[in-house]
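[1] Sequence and predicted structure are below.
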Amino acid sequence: MEPRQFPFLQTKMISPIKVWRRQKEIRKLLGQRGKVLTWTQIYVAGPNFKQYAPYPVVLVKLDDGQKVFGQLVDYENKDLKINAKVVSVLRKVRETDHDDVIAYGIKFKPL
Amino acid sequence: MVSVVGYYTTQFGELWSKSLFSLINEAIKGALTNANLDKKQIDAIFFGNMMAGVLEDNLHSPAKIAEMLGINIPIFRVESACASGGVAFHLAKNYLEAQSAKTVLVAGAEKMNDYSPEETTAALVTAASGEEQEAGLTFPGLYAMMAQVYLNSYKYSEKELAYVSYKNHYHGSLNEKAHFRKKITVEEVLKSAYVAYPLKVLDCSPISDGASAVILTSDSNLIKKAKAKVDVLASEVATDTISLKGRQKLDAILSTKIAADKAFTKAKITREDISIAEVHDCFSIAELLAMEDLGFWPKGQAGKRIKELSTMYGSGGRLIVNTSGGLKASGHPVGATGVKQIGEIFLQLTNQANSRQVKKAKYGLTHNIGGSGGTAAVSIFTN
Amino acid sequence: MIGVVSYGFYIPKYRIKIGDIAKIWGKNPDDIINSLKITEKAVSGIDEDSLTMAFESSQMAFSDTKIRKNEIGVVFVGSETHPYVVNPTSTILAEFLEIEKHYLAFDTQFACKAATGAAIAAAGLIKSGFTDYALVCAADKSTGSPHDALEYTAASGSVSLILGKKDLVLEIVDYTSFSSDTPDFWRREGIRYPSHGGRFTGKPSYFYHVEQASKELFKKTNLRSEQFSHAVFHMPNGKFPIQVAQSLGFDNKQMVTSLVVSYLGNSYSASALMGLVSTLEIAKEGELIFFVSYGSGAGSDAFVFKVTANLAKRRRQFTQAVAQKKYIDYPTYLKFMKTI
């Protein structure tokens, strides 16, 4: 688990209310197909995401036209390309500390 | 007419023994000395800074500056992420044109090295949208996404990006105040480790401390007496969506284009008139996009043109870009950058740029971006 | 008649070979593989947990049904690795599934039989008229302390059942439950990894409870082992279910399809149910399935299921899903399990 070593982050728990509001938006985006508009692979991440690095992030245009950012999971390197077809899945997006509410959110899986 | 009559910048780099406010103090006092003015002659201060609140719980900087200088004048803190300095300047110019004052000081400062790179990365990403942050994006990541689209659309590779860093590091070697004085090669850029594919360590501007200040006046007496002065022909600010996904195009910064078009209209000159420019190269890709968005190079051509190195000092090119070393080599203390850019153009147009002096420059331009393009500030100057 | 209207499952993409774990600890891989009869196990990613897996299996369960979400009056999630000690997985799951809001929800824990016990309760709620449909999920991201025997078997997975009283794919003919206080496997609050009683987990625990529940169900239904086409038992390893099946009079042919543990590991609350999902891929109309779960602590839920004509049109493709796999090494496994 990420140790609480940074003074300013120590006081910053993920607000459970923000998580609650956000999750109402997230559920509308689950299980939707789309294609990758652009992508990158993050090697140097901030403290909240360090445990996942390196990880790819994609910007996806869903079939309904909406654009959504998310990490790409369960992928092979050949899946990292513009126009790749993906589907949105539910995953943990943030989990900084044992005391925090777990933030679940959208990530993408290659189709 | 509003004119810049003084400029001072601190060293940019890892300034362990300097705190944020000691840097601000040095920049302000330095600018006053440079302009041969007393602090009593300053009517207001505009101060650009992005992260003092987030990193060191340090807000209400106006009162802190008032205490430091022993003054009671109006002081305004401005924040637009990395465009804080350029936007502070824009507000100062407008303040003078509104005749609220006659002489103002614009300072920008940032203290980034008191914190680990991860803390700083996390603080910087507050300038991105909540969704971008939640997806684990960083600023290198956002610009990397833009680079992917650009390189893919115009069939360029990472090599084209490397020329920006190569050129700007050469310029940095000519600027005694730059964070990096060392020249680098294109090969070294290509061999550096990835930060966010396809951007590598040497495609990214560093984490720097620093402060810069300029003095602006509309007072005709001061302008007449000034040792060096540069007129502000235009200063325009434009905004766009915070989120990259909301932009019209993923490989162009619309706010730059809007601000630039307005600035050139206001200044009544053309792109060809500009012989020196400081553009926002937070990442190598950003300089390529800036050259296109500002209208200097046609869309899609920057990758080809950068390799010709016509914008490098000593090339004899018509337009030299980022003689300060840009953000890449001069460093990027976020709040200070916009002011430093203006100061560099001031030095160039007043023949004070020493070993990197561009000859016979008449018109200069500064271009300062916030975040991934949510804010753009473009100013045009003449001597 | 109450039964299963629809079902879903989720197996994460990653696998680790048991032999690779054995090598790290200086053990002979063949010894471990032969004694446990497991070659590899399923591992979930660093950003997966029981909730995300339960969501995947529930989505599959709902995928081709016409059941409206507001007809679900009961949501139960059984797990030994709920994301929170206090804060129900069942309501987070229901929210993401857009089941709102007039429903009864609770989480259960009873080691590997957390979900099957909940299924019995759900069946009762349908029978009493409280609800027409119930969603019962099993999900676990099971852990074993590094260098402990559990490390070879503890795996991830999820199975969801939508129970109802019409349009069934599987009828619940009858069931029974057998419980006692038997400390064969436990985990105190705040302690990361479970502890277990070694060989005590065998005869007095697994075998005793499975056998007693089975014998009681044979009596209750007046059925004999030969009348069943398939048998599914909880799978803590590849040996115990075969041994208990034999002692109850089942032969290997009845067992073979359900033995998913040998290539998926033990997904705890989802373990026996995953064996059932595998069996349903090939089960035919009219066939009887004998199903017994086991939860340490301890207890067994035994069911007799009957396959209906509807299964043929609605069975899930298990074998091809299992084939979607990617091997990882031990350090990656530790990273995914947040051990390092």
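    Received it, and whenever you're ready, just let me know what you need.
[2] Can you tell me the strand partners of the worst-scoring helix or strand of chain C on mean pLDDT and which way each runs?
    Lowest on mean pLDDT, DSSP states H and E among the helices and strands of chain C sits strand C:195-196, with a mean of 90. Partner strands and pairing direction for strand C:195-196 (DSSP bridges) are strand C:185-186 (antiparallel).
[3] Please state the offset of the partner strand from the chain centre?
    17 Å (C-alpha atoms, centre = their mean, to the nearest Å).
[4] So for it, mean pLDDT?
    The pLDDT scores in strand C:185-186 average 92.
[5] Would you mark the buried spots in whichever helix or strand comes after the least confident helix or strand of chain C?
    For strand C:195-196, the following helix or strand on the C-terminal side (DSSP states H and E) is helix C:208-221. By neighbour count on 16 or more other C-beta atoms under 10 Å in any protein chain shown, the buried set for helix C:208-221 is C:208, C:209, C:210, C:211, C:212, C:213, C:214, C:217, C:218, C:221. For every residue, glycine as well, the C-beta is placed using N, CA and C.
[6] Pull the residues that contact the next helix or strand after helix C:208-221.
    Note on helix C:208-221: by DSSP H and E, the next helix or strand toward the C-terminus is strand C:230-233. Residues outside strand C:230-233 that contact it (C-beta atoms under 8 Å, 6 or more residues apart in numbering or on different chains) are C:210, C:225, C:240-241, C:244-245, C:248, C:250, C:254-255, C:257-258, C:272, C:275-276, C:279, C:283, C:287-292, C:294.
[7] And the strands in chain C, which stretches?
    Using DSSP state E, the strands of chain C run over C:3-10, C:14-17, C:40-43, C:72-78, C:104-108, C:133-141, C:156-164, C:170-182, C:185-186, C:195-196, C:230-233, C:288-292, C:297-307, C:326-327.
[8] Distance to residue B:376 and mean neighbour count for the ones you listed - can I get that in CSV?
    Listed next are those as CSV, based on distance: least, C-beta to C-beta, whole Å; neighbours: other C-beta atoms under 10 Å in any protein chain shown:
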stretch, distance to residue B:376, mean neighbour count
strand C:3-10, 46, 25
strand C:14-17, 45, 21
strand C:40-43, 47, 24
strand C:72-78, 50, 27
strand C:104-108, 50, 20
strand C:133-141, 47, 31
strand C:156-164, 48, 29
strand C:170-182, 63, 18
strand C:185-186, 62, 18
strand C:195-196, 61, 18
strand C:230-233, 65, 28
strand C:288-292, 66, 24
strand C:297-307, 64, 24
strand C:326-327, 44, 12
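[9] Return the member of the ones you listed having the minimum mean pLDDT.
    Comparing mean pLDDT over these, the weakest stretch is strand C:195-196, at a mean of 90.
[10] how far out from the middle of the chain is it?
    Relative to its parent chain, strand C:195-196 has a centroid offset of 20 Å by C-alpha atoms, centre = their mean.
[11] per-domain residue ranges of chain B.
    By the assignment in automatic domain parsing, chain B contains the domains B:3-115+B:208-225, B:128-205+B:233-382.
[12] Mean pLDDT added to those domains, as TSV?
    Formatted as TSV, those follow (pLDDT from 0 to 100):
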stretch	mean pLDDT
domain B:3-115+B:208-225	97
domain B:128-205+B:233-382	97
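[13] Present the ones you listed as a markdown table; the columns should include mean neighbour count and distance to residue C:133.
    Putting the domains of chain B into a markdown table (neighbours: other C-beta atoms under 10 Å in any protein chain shown; distance: least, C-beta to C-beta, whole Å) gives the following:
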| stretch | mean neighbour count | distance to residue C:133 |
| --- | --- | --- |
| domain B:3-115+B:208-225 | 21 | 49 |
| domain B:128-205+B:233-382 | 22 | 34 |
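[14] In a markdown table: the ones you listed, plus distance to chain A.
    As requested, the domains of chain B are exported to a markdown table (distance: least, C-beta to the nearest C-beta, whole Å):
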| stretch | distance to chain A |
| --- | --- |
| domain B:3-115+B:208-225 | 6 |
| domain B:128-205+B:233-382 | 4 |
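[15] name the element the most far-flung residue of chain B relative to its centre belongs to?
    Residue farthest from the centre of chain B, counting by C-alpha atoms, centre = their mean, is residue B:221 at 29.5 Å. Applying DSSP H and E as the criterion places residue B:221 in helix B:220-225.
[16] Spatially, and excluding backbone neighbours, which residue is closest to the residue of chain B found nearest chain C.
    As assessed by C-beta to the nearest C-beta, chain C sits closest to residue B:136 within chain B, at 10.1 Å. Nearest residue to residue B:136 in three dimensions, chain neighbours excluded: residue A:49, at 4.2 Å (C-beta to C-beta, 6 or more residues apart in numbering or on different chains).
[17] That neighbour reaches residue A:92, doesn't it?
    No: using C-beta atoms under 8 Å, residue A:49 and residue A:92 do not qualify as a contacting pair, with a distance of 11.4 Å.
[18] Compare those two (neighbour count), which wins?
    Comparing residue A:49 with residue A:92 by other C-beta atoms under 10 Å in any protein chain shown, the one with more neighbours is residue A:49, at 27 against 19.
[19] Tell me which residues are up against the longest helix anywhere in chain A.
    Longest helix in chain A, counting residues (DSSP state H): helix A:16-26. Residues from elsewhere that reach helix A:16-26, judged by C-beta under 8 Å, 6+ apart: A:90, A:101, A:102, A:103, A:104, A:105, A:106, B:130, B:134, C:95, C:96.
[20] mind listing what's buried in that helix?
    For helix A:16-26, by 16+ other C-beta under 10 Å, it's A:19, A:22, A:23, A:26.
[21] Mind giving me the packing neighbours of the helix or strand hosting residue B:216?
    Element membership for residue B:216 (DSSP H and E) is strand B:210-217. Strand B:210-217 sits against strand B:3-9, helix B:20-35, helix B:84-97, strand B:103-110, helix B:334-349, with contacts defined as 3 or more C-beta pairs under 8 Å, 6 or more residues apart in numbering or on different chains; DSSP states H and E.
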